[in-house]
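Undergrad: the following comprises the amino acid sequence and a computationally predicted model.
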There are 2 protein chains.
Amino acid sequence: MRQAGRYLPEYQSIRRKVPFLELCKTPDLAAEVTMQPVERLGVDAAILFSDILIPCEAMGQTLEFTESQGPRLAPIRSSSEVDRLIVPDPADRCGFVLEAIREIRRRLVGRVPLIGFAGAPFTLASYMVEGGSSRSFTYLKRMMFAEPATYRKLLDKIAETTALYLSAQIEAGAQAVQIFDSWGGVLSLPDFEEHALPYVSRVVDALPREDVPVIYYVGQAAHLIEPMLESGADVLGIDWRLPLSEARRRIGGRASVQGNLDPAALFGTPEDIERKVSAVLDEAGKAPGHVFNLGHGILPQTNPEHARVLVDAVHRLSSGGTEPRPA
Amino acid sequence: MRQAGRYLPEYQSIRRKVPFLELCKTPDLAAEVTMQPVERLGVDAAILFSDILIPCEAMGQTLEFTESQGPRLAPIRSSSEVDRLIVPDPADRCGFVLEAIREIRRRLVGRVPLIGFAGAPFTLASYMVEGGSSRSFTYLKRMMFAEPATYRKLLDKIAETTALYLSAQIEAGAQAVQIFDSWGGVLSLPDFEEHALPYVSRVVDALPREDVPVIYYVGQAAHLIEPMLESGADVLGIDWRLPLSEARRRIGGRASVQGNLDPAALFGTPEDIERKVSAVLDEAGKAPGHVFNLGHGILPQTNPEHARVLVDAVHRLSSGGTEPRPA
């Protein structure tokens, strides 16, 4: 999950000067924001600051971010609108992301690895068809069930775009990549297997994989662990709903697991947070093959001190020691 | 799930004349709208037309429905705001609901049973604290984790209100009652057990139960089947995510199951709908103890003819015959 954001005063001070999309498109600033949680929190990896919708704009869709309503896209709902989308060359249309990655690697000088990311095809399609966030995904599901050829054509284009985009991130220096299927969990098991998974698998298969782990995150995935395993990803990321013990039992050693504290847990006291970190580590079995993470993005109202409490607790409790590990 | 609604032209024709909340509060009109799907679709039960937020207003909270943004409530966020809420006498503050139930029973003359309903305490609290629909439930979770005494006081009041309200519905003539925990699935398993389940159990325990089955629906419940069983409900309602075979395996005969076709499946062709109905029935094992239902409310864009196709397919395929059962 993106570690930087509105909960950090140093992030807000930059955002007061620069709109969100301009921040994503300015490599020096994106690099600066990416480094903020590394400096402040002592996390074990840096996560590229960007947005999953960047490739939608590169495909030719109009994109804007509003302060109150989040992303707004000119919705793609017909076959001819899908035809007009392009599969962009990332160097040409998303060069600012690749330049940010190179700049972040220079600033990190090997302290911690850098994780790149992209949206999963189904989740990107949800924004592209709905025109923004959604609750019931009516337009997307209507396309899926009433215009299946249009749906497949759209997902094919998004999968191809995403494969090129993530390959370019790895080429530029991303040392792991994460594929976010934030809304994949709104599908039934058979619909996920038919309408989401094949496109993720195609992306994973296309990546240059030597020493670059692929993390596949699905929100609300309690019913989807088995098909997620079929994606070919090395690490499955899940939200806070499913206990990690249950996730690991169903994964059976075939992939690592990442997660899964409810970000809202950071509203509790430091003692509450430590207790909940300990519970997540216990659920995961304190074993290799677990990457501690929040189960979703950190909430804007979070106290940064509490995020530091979390990171320290993970370090102390997972190493069995009593001191934070050196950052 | 409510069967009436915007997808029916006969509903829209009434709504053009009467705002939503006024419709809920006018027993004759609520009865008329309740009867519409019974007449048109031939469903096997009628579901009271009302809204889960009616008791919030009765508790003293300001409530309005906007056409574009759905329900708006004056948010309850502090201990003193919780103190000002009352536990209303349903006959006094929600008499129009009880009168609607009596009127619907008169109109049904025993054709099909009538199902009453209420929101589950956690889900009602989410609307009361957030002030409307939410995606991340930040205010509610902040209260839960940072002000637990306030949270418990609020949930106690809602549970007491809901127990009285559903008991009054049964007294007025509801032949089954459904408790909707639409947002319960946003909680982790331990948080659900601590912060949602006890209040539902208290409601179920308080109901006069002879021959009145209690249905407990939780949205996104793939990780919550086991605690749902602890609620004491006779029937567990789930959405389309978890296959019914898996739900029934975990329920192990201790409750019946209700569900679970994705309402968006009605966007497909009649042949698609029949195939998906058949798949749901197969998943449920075509066995007693399964109540066929959509996994969530019917979508406004649904073609009413497709809803009729669904009902006919359920009748034909679950009875093993080739003709719709007489309504």
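TA: Here it is on my side, so go on.
Undergrad: CA atoms for contacts and neighbours, from now on please.
TA: Will do.
Undergrad: in the stretch 201-327 of chain A, which spans are helices?
TA: Along the stretch 201-327 of chain A, the segments classed as helices by DSSP state H, counting those that start in this stretch run A:225-230, A:244-251, A:270-284, A:304-319.
Undergrad: chain B contacts on chain A?
TA: A:138, A:141-142, A:145-146, A:185-189, A:220, A:222-223, A:240-243, A:262, A:264-265, A:267-269, A:299 (C-alpha under 8 Å from any C-alpha of the partner chain).
Undergrad: if any of these are buried, put those into a ChimeraX selection.
TA: Remark: buried members of these, expressed as a ChimeraX selection using 16 or more other C-alpha atoms under 10 Å in any protein chain shown:
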select /A:138,141,142,145,146,185,186,187,188,189,220,222,223,240,241,242,243,262,264,265,267,268,299
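Undergrad: residue in the stretch 201-327 of chain A nearest to chain B?
TA: A:Arg241 (4.1 Å; C-alpha to the nearest C-alpha).
Undergrad: find the nearest non-adjacent residue to that residue, please.
TA: In space, and not counting its chain neighbours, A:Arg241 is closest to B:Ser188: 4.1 Å by C-alpha to C-alpha, 6 or more residues apart in numbering or on different chains.
Undergrad: thought the one you found was touching A:Ala222?
TA: No: using C-alpha atoms under 8 Å, B:Ser188 is not in contact with A:Ala222; the gap is 10.8 Å.
Undergrad: one step back: the residue of the stretch 201-327 of chain A closest to chain B contacts A:Val218, correct?
TA: No: counting by C-alpha under 8 Å, A:Arg241 sits too far from A:Val218 to count as a contact (11.5 Å).
Undergrad: what's the first helix or strand after the helix or strand hosting A:Ile115?
TA: For A:Ile115, the enclosing helix or strand under DSSP states H and E is strand A:114-119. Toward the C-terminus, strand A:114-119 is succeeded by helix A:121-130 as the next helix or strand (DSSP H and E).
Undergrad: which residues does the residue nearest to A:Arg241 contact?
TA: Listed by C-alpha atoms under 8 Å, 6 or more residues apart in numbering or on different chains, the contact partners of B:Ser188 are A:Trp240, A:Arg241, A:Leu242, A:Pro243, A:Asp262.
Undergrad: show me where the stretch 51-200 of chain A has helices.
TA: With DSSP H, counting those that start in this stretch as the criterion, the stretch 51-200 of chain A has helices at A:54-58, A:79-84, A:90-93, A:95-108, A:121-130, A:138-146, A:148-172, A:189-195, A:197-206.
Undergrad: neighbours around A:Pro288, how many?
TA: Neighbours of A:Pro288 under the rule other C-alpha atoms under 10 Å in any protein chain shown: 9.
Undergrad: the one 10 residues further on now?
TA: A count of nearby residues for A:Ile298, using other C-alpha under 10 Å, gives 20.
Undergrad: quick one: it and A:Leu29, what's the gap?
TA: 20 Å (C-alpha to C-alpha, to the nearest Å).
Undergrad: run the chain-centre distance for stretch A:143-151.
TA: The chain centre lies 26 Å from the centre of stretch A:143-151; the measure is C-alpha atoms, centre = their mean, to the nearest Å.
Undergrad: can you give me the buried ones in that stretch?
TA: Here stretch A:143-151 shows A:Met143, A:Met144, A:Phe145, A:Ala146, A:Glu147, A:Thr150, A:Tyr151 as buried, counting by 16+ other C-alpha under 10 Å.
Undergrad: what do you get for stretch A:164-182?
TA: For stretch A:164-182, the buried set under the neighbour-count rule, 16+ other C-alpha under 10 Å, comprises A:164-170, A:172-182.
Undergrad: end-to-end on that stretch?
TA: 20 Å.
Undergrad: give the bridge partners for the residue most central in space within chain A, please.
TA: Nearest to the geometric centre of chain A sits A:Phe180, at 4.1 Å (C-alpha atoms, centre = their mean). Beta-bridge partners of A:Phe180, counted by DSSP bridges, are A:Gly119, A:Tyr217.
Undergrad: what about it, distance to chain B?
TA: 17 Å (C-alpha to the nearest C-alpha, to the nearest Å).
Undergrad: contact partners for that residue?
TA: Here A:Phe180 is in contact with A:Phe117, A:Ala118, A:Gly119, A:Ala120, A:Thr123, A:Tyr216, A:Tyr217, A:Val218 (criterion: C-alpha under 8 Å, 6+ apart).
Undergrad: sorry, back to before: for the buried residues of stretch A:143-151, which one is nearest A:Ile104?
TA: When the buried residues of stretch A:143-151 are ranked by distance to A:Ile104 (C-alpha to C-alpha), A:Tyr151 comes first, at 36.4 Å.
Undergrad: how close does that closest one get to A:Ser188?
TA: Where A:Ser188 is concerned, A:Tyr151 sits at a distance of 17 Å (C-alpha to C-alpha).
Undergrad: please tabulate the buried residues of stretch A:143-151 in a markdown table, including the columns distance to A:Ala45.
TA: As requested, the buried residues of stretch A:143-151 are exported to a markdown table (distance: C-alpha to C-alpha, whole Å):
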| residue | distance to A:Ala45 |
| --- | --- |
| A:Met143 | 38 |
| A:Met144 | 37 |
| A:Phe145 | 40 |
| A:Ala146 | 43 |
| A:Glu147 | 42 |
| A:Thr150 | 39 |
| A:Tyr151 | 36 |
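Undergrad: what's the closest of the residues you listed to A:Gly95?
TA: Once C-alpha to C-alpha is applied, the member of those that ends up nearest A:Gly95 is A:Tyr151, at 28.2 Å.
Undergrad: what's the closest non-adjacent residue to the closest one?
TA: Per C-alpha to C-alpha, 6+ apart, closest to A:Tyr151 is A:Met144, 5.4 Å.
Undergrad: tell me the pLDDT of the one you found.
TA: Per-residue pLDDT puts A:Met144 at 98.
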